[in-house]
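Trainee: A structural model of the following input is requested.
(chains A, B, C and D)
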4 protein chains.
Amino acid sequence: MNILKNHLVIIFSITAALSVAHAALPNPGMEVVAGRTALLITDPQNDFLSPKGVTWGVVGKSVEENNTVANIGVLLKTAKQADMPVFISPHYYYPTDHGWKFEGALESLMHQIGMFDRKGALTVDGFAGSGADWLASYKAYIEHDATVITSPHKVFGPETNDLVLQLRKRGIDKIILGGMSANLCVESHMRELGEQGFEVAVVSDATAAAQVEEGDGYAAALVNFRFIANAVWTTEEAVQAIRQ
Amino acid sequence: MNILKNHLVIIFSITAALSVAHAALPNPGMEVVAGRTALLITDPQNDFLSPKGVTWGVVGKSVEENNTVANIGVLLKTAKQADMPVFISPHYYYPTDHGWKFEGALESLMHQIGMFDRKGALTVDGFAGSGADWLASYKAYIEHDATVITSPHKVFGPETNDLVLQLRKRGIDKIILGGMSANLCVESHMRELGEQGFEVAVVSDATAAAQVEEGDGYAAALVNFRFIANAVWTTEEAVQAIRQ
Amino acid sequence: MNILKNHLVIIFSITAALSVAHAALPNPGMEVVAGRTALLITDPQNDFLSPKGVTWGVVGKSVEENNTVANIGVLLKTAKQADMPVFISPHYYYPTDHGWKFEGALESLMHQIGMFDRKGALTVDGFAGSGADWLASYKAYIEHDATVITSPHKVFGPETNDLVLQLRKRGIDKIILGGMSANLCVESHMRELGEQGFEVAVVSDATAAAQVEEGDGYAAALVNFRFIANAVWTTEEAVQAIRQ
Amino acid sequence: MNILKNHLVIIFSITAALSVAHAALPNPGMEVVAGRTALLITDPQNDFLSPKGVTWGVVGKSVEENNTVANIGVLLKTAKQADMPVFISPHYYYPTDHGWKFEGALESLMHQIGMFDRKGALTVDGFAGSGADWLASYKAYIEHDATVITSPHKVFGPETNDLVLQLRKRGIDKIILGGMSANLCVESHMRELGEQGFEVAVVSDATAAAQVEEGDGYAAALVNFRFIANAVWTTEEAVQAIRQ
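Mentor: Okay, the predicted model is just below:
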């Protein structure tokens, strides 16, 4: 009897393992429900998206290949036309942030190159047109009464800002996610929103990432979007979903 | 004067961009300090590491190529010999977890194949030797008075368990991280620990990941470890760092 | 013109200040919506609610005055009859938790008196009938297929367990809250759920607290419930709200 | 044998219960260690501390009785003299925050009276001297290169800002806490910092609270400080601890 039981267990395990090996990953999808769904864009700022930004040398090729600048613009415009709530999670560093005692690799790089630097939390001196400012073509959508601009995130995810509260205070539990950069802030937002019980659809061509000797950030992000998100959409698919 | 200033800004931006393009990523490193450093292993459980586990069909090749099972064992043994604190963050699902109303792709898969299933939080009936149990060869290190076993994480990161508190209550702020699987729970732990202000050194061959048609989880993880962690070590390098 | 403006500001400030002084606090209330509302009970365990529990000497009088044991029972029964989801957030300490290097006052006390002690996360040896076990009269409701028992919280709030995720994975955003003890775990759950964007109605006689020389925990909790929660109800009011 | 065991259990329980009833609460204390300890002040803003602030009608008496304004000033001055890191966690509301769909009692009140209102996150128009601005006498300490001003908290605790990260990035794990108001933001900061594994000493006369018909916020806070914090100090005791 015990032998039989063990055999069954082994057979079940083999079957399960095989079925995993051959099956495609599930693709849960996400239904857009009016009033519960928002567009979220991370870091739509010059330092990532403008040819004058400090990271253009490493992200520019990916931004151009994906048509990222235009695609984020299309998402913003479509959401506004559909009266879908829009949330922006920006990235800023203040002078005191340069006093941190330790940093990960990309954190260290961002600090070295003065990325997203502002002169302080309570001054906008030197901000307009700086690397930390919004890409000019997005300003009509972001500097808009109904757009919620959260506090800055300080590493990559929304753990250090008020994004989750701002979403919950408006009854939002489904997120359409784009912005910069794919494997850093976008992915960390996707992961944290998942841990907080949101559904997330990532728009894979409304983002881009650094591609350097040490690795292709965009390729890495695509894998993790597919493994982790509820849905991965193109901008075109996102537009259709928002308009429905 | 203004024209000159603008020129300088442009020149500075170009220089910065170019220097980014050509420079290697920073490599901050992590110093192991006794009393402040711990070994953390995620999901050292049969469903990932045993040929009988439900995911072996998709992770087995990566586990074997990295020599993951032996390498995690070496880390556990070395940490115990050096009296370095050891923390285990396991993954369990209880029957009520199957009542969740939405899931990401891999969450959905894990639930479908009964991965990490237990009969309840307050019973160990059927646990011994199950897919949710520790790999047998690790039990001497994990079922040990000084090893801290956290509550289970329920998605991929430690946001849903007591890991951060357990580390802080012991004055730990530096983590040597290995376990399963590379781009899911290991990476989500790395990211969240970074957001919480820990330094993290990831051990890149003491982990492995699913490699499926939709993407190579291990390759994606390697890129993100290099971009985000304070250090990326081999098991051999980690052993040397622990012993110093 | 400027003088006029300043005068108006001053007048407005005085008016606002006076109106605050005389007005009652707002009383936002909470509407119970089926499918979005859950009953949450913290620490319904012997060490708080049984005359044999280790804290009875300091909480017993408050428990008896409020009729807390019966009231929590009524909430559990009413929620089950109405098919309202029920969540339990328990408090356990494992042997390794006694290795913490620092503790607040009540944390220190709980550890000294062996409150909520269990022999480990992966054993139920000695659990049945212990101070950490459920009050016997609640077992029919708690040991029930549809009741969600979260991982233990380790200080006072749900920051260290999976409560928020479990609620969100079921679409719950409104909480009816009772349990033990009023100014510690109940209040910390109320505060954290508020930070996470839930509405919370606290049931003020389905809880109780320690009353010691250093202060009356129940009186303190009543003030903070009124200041912070969306609603404060009696058990009778909660029962009516659930049944509607 | 079983009877004997049960008797012993009962005897032990009675003893434990009695000892709790008669013993004073533990008083763990907090040692100030240079480089690991910071002063944290919440909401040192006009709307709480100036007679022109919108809450003076309900908090003014408590502020005057405690000598709160002077005491916070003494803490700031003493910390700066001792080169102890100073962190400020402010409270601001932006126009979009008035679009929240639900609020607790005091949240609702704060929004009704325009407390802490600013015109936006990216403008300081109208900020100088407003209710949201720092109390004038603190500006020398707060508008100081080495003072870390976090993003605003949006309910009462630091869950929605970057305080915890900013502390951890500087190796701080011990907090001396004062500011406004005692049972709301100060207490929520104390509780959350405890959940995050910090030691907290609250300065009980460097704070104050609303005292209204519905309850005395200061009295409630004093009880919870004593129950929860690692230490409760007067300003004089805090000054001595900082100077050592």
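Trainee: Report the contact partners of residue A:125.
Mentor: Neighbour list for residue A:125: residue A:119 [criterion: Cβ atoms under 8 Å, 6 or more residues apart in numbering or on different chains]. For glycine as for every other residue, the C-beta is placed from the backbone atoms N, C-alpha and C.
Trainee: interface residues of chain A facing chain C?
Mentor: With Cβ under 8 Å from any Cβ of the partner chain as the criterion, chain A meets chain C at residues A:164-165, A:167-169, A:171, A:173, A:195-198.
Trainee: can you pull the contacts of the residue nearest the centre of chain A?
Mentor: Centroid-nearest residue in chain A, with Cα atoms, centre = their mean: residue A:186, separated by 2.1 Å. For residue A:186, the contacting residues are A:42, A:177-180, A:202, A:207, A:221, by Cβ under 8 Å, 6+ apart.
Trainee: quick one: which of those residues sit in strands?
Mentor: Taking DSSP state E, the ones among the contacts of residue A:186 that sit in strands are A:42, A:177-179, A:202.
Trainee: need the residues of chain A near chain D, please.
Mentor: Residues of chain A lying near chain D (Cβ under 8 Å from any Cβ): A:94-96, A:99-102, A:120-124, A:127, A:145-149, A:151-152, A:154-155, A:159-162, A:164-166, A:169-171.
Trainee: one more time with 7 Å
Mentor: Within reach of chain D by Cβ under 7 Å from any Cβ of the partner chain, chain A has these residues: A:96, A:99-101, A:121-124, A:148-149, A:151-152, A:154-155, A:160-162, A:165, A:169-171.
Trainee: For residue A:59, which three-state class applies?
Mentor: Three-state assignment for residue A:59 (DSSP: H, G, I helix; E, B strand; the rest coil): helix.
Trainee: related to what we said a few turns ago, can you flag which of the residues of chain A next to chain C belong to strands?
Mentor: Using DSSP E, none of the residues of chain A next to chain C sit in strands.
Trainee: near chain B, which of those show up?
Mentor: Among the residues of chain A next to chain C, the residues that sit close to chain B (Cβ under 7 Å from any Cβ) are residue A:195.
Trainee: Looking at the residues of chain A next to chain C, spot the one nearest chain B.
Mentor: Ranked by distance to chain B (Cβ to the nearest Cβ), these are led by residue A:195 at 4.1 Å.
Trainee: Now residue A:108: which helix or strand?
Mentor: helix A:105-112 (DSSP states H and E).
Trainee: Kindly format the C-alpha coordinates of the next helix or strand after that helix as PDB.
Mentor: Under the assignment DSSP H and E, the closest C-terminal helix or strand after helix A:105-112 is helix A:139-142. Output of helix A:139-142 as PDB, limited to C-alpha atoms (Å, rounded to 0.1, in the frame of the first residue of the first chain):
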ATOM      1  CA  LYS A 139       4.000  68.800 -19.900                       C
ATOM      2  CA  ALA A 140       0.400  69.400 -21.200                       C
ATOM      3  CA  TYR A 141      -0.600  66.000 -19.700                       C
ATOM      4  CA  ILE A 142       1.500  66.100 -16.500                       C
END
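Trainee: which helices and strands sit right next to helix A:139-142?
Mentor: Packed against helix A:139-142 by the contact rule (3 or more Cβ pairs under 7 Å, 6 or more residues apart in numbering or on different chains; DSSP states H and E) you find helix A:68-81.
Trainee: Which neighbouring elements make contact with the helix it packs on?
Mentor: Packing partners of helix A:68-81 (3+ Cβ pairs under 7 Å, 6+ apart): strand A:37-42, strand A:86-89, helix A:139-142, strand A:174-179, helix A:235-243.
Trainee: Quick one: distance of the helix or strand that the third one is followed by to the chain centre.
Mentor: The one in question is helix A:139-142. Later in the chain than helix A:139-142, the nearest helix or strand by DSSP H and E is strand A:148-149. A distance of 15 Å separates the centroid of the chain from that of strand A:148-149, by Cα atoms, centre = their mean, to the nearest Å.
Trainee: Show me what the mean pLDDT comes to for strand A:148-149.
Mentor: For strand A:148-149, mean pLDDT is 98.
Trainee: Contacts for that strand, please.
Mentor: The set of residues external to strand A:148-149 that reach it, using Cβ atoms under 7 Å, 6 or more residues apart in numbering or on different chains, is A:87-88, A:90, A:142, A:166, D:96, D:121-122.
Trainee: between those, which is closest to residue B:25?
Mentor: residue A:90 (23.4 Å; Cβ to Cβ).
Trainee: Distance of that closest one relative to residue A:72?
Mentor: Counting by Cβ to Cβ, to the nearest Å, the gap from residue A:90 to residue A:72 is 14 Å.
Trainee: Over to residue A:203?
Mentor: Going from residue A:203 to residue A:72 by Cβ to Cβ gives 8 Å.
Trainee: which residues are common contacts for these two?
Mentor: Shared contacts of residue A:203 and residue A:72 (Cβ under 7 Å, 6+ apart): residue A:178.
Trainee: Narrow the residues of chain A next to chain D to just the buried residues.
Mentor: Burial by neighbour count, 16 or more other Cβ atoms under 10 Å in any protein chain shown: within the residues of chain A next to chain D this picks out A:96, A:100, A:121-122, A:124, A:148-149, A:151-152, A:154-155, A:160-162, A:165, A:169-171.
Trainee: phi, psi of residue A:213?
Mentor: Note on residue A:213: backbone dihedrals following degrees, to the nearest 10 are phi -50, psi -40.
Trainee: For it, give me the pLDDT.
Mentor: We have a pLDDT of 96 for residue A:213.
Trainee: ditto for the one 4 residues further on
Mentor: Residue A:217 is assigned a predicted lDDT (pLDDT) of 98.
Trainee: secondary structure class for residue A:200?
Mentor: Using three-state DSSP, the secondary structure recorded for residue A:200 is strand.
Trainee: Look at it and report its pLDDT.
Mentor: So residue A:200 comes in at 98 (pLDDT).
Trainee: give the contact list for it.
Mentor: A:175, A:177, A:190, A:193-194, A:229-230.
Trainee: Show me these that map onto helices.
Mentor: A:190, A:193-194 (DSSP state H).
Trainee: for these, which one is nearest residue A:215?
Mentor: Nearest member of the ones in helices among the contacts of residue A:200 to residue A:215, counting by Cβ to Cβ, is residue A:190, at 18.6 Å.
Trainee: give me the low-pLDDT residue ranges for chain A?
Mentor: A:1-23 (pLDDT under 70).
Trainee: run the last query once more with 50
Mentor: A:1-22 (pLDDT under 50).
Trainee: And residue A:90 and residue A:72? Which one has more around it.
Mentor: residue A:72 (29 against 25; other Cβ atoms under 10 Å in any protein chain shown).
Trainee: these two touch, right, that one and residue A:206?
Mentor: Yes. In this structure, residue A:72 is within contact of residue A:206 by Cβ atoms under 7 Å, at 5.0 Å.
Trainee: which residues do the two both contact?
Mentor: residue A:178.
Trainee: picking up where we left off before, contacts made by the helix holding residue A:108 with the rest, please.
Mentor: With Cβ under 7 Å, 6+ apart as the test, helix A:105-112 has contacts from A:93, A:98, A:103, A:116, A:155, A:184, B:25-28, B:226-229.
Trainee: farthest pair in those?
Mentor: Across those, no pair lies farther apart than A:98 and B:226, at 23.2 Å, counting by Cβ to Cβ.
Trainee: So which of these two has more stuff around it?
Mentor: For residue A:98 versus residue B:226, neighbours defined as other Cβ under 10 Å are more numerous around residue B:226 (23 against 11).
Trainee: Spit out the contact partners of the nearest residue to that one once chain neighbours are set aside.
Mentor: Counting by Cβ to Cβ, 6 or more residues apart in numbering or on different chains, residue B:226 lies nearest to residue A:214, which is 4.9 Å off, once chain neighbours are set aside. Going by Cβ under 7 Å, 6+ apart, residue A:214 touches B:24-25, B:226.
Trainee: Next: residue A:27.
Mentor: Here residue A:27 is in contact with residue B:105 (Cβ under 7 Å, 6+ apart).
Trainee: now do 8 Å
Mentor: Counting by Cβ under 8 Å, 6+ apart, residue A:27 touches A:231, B:105.
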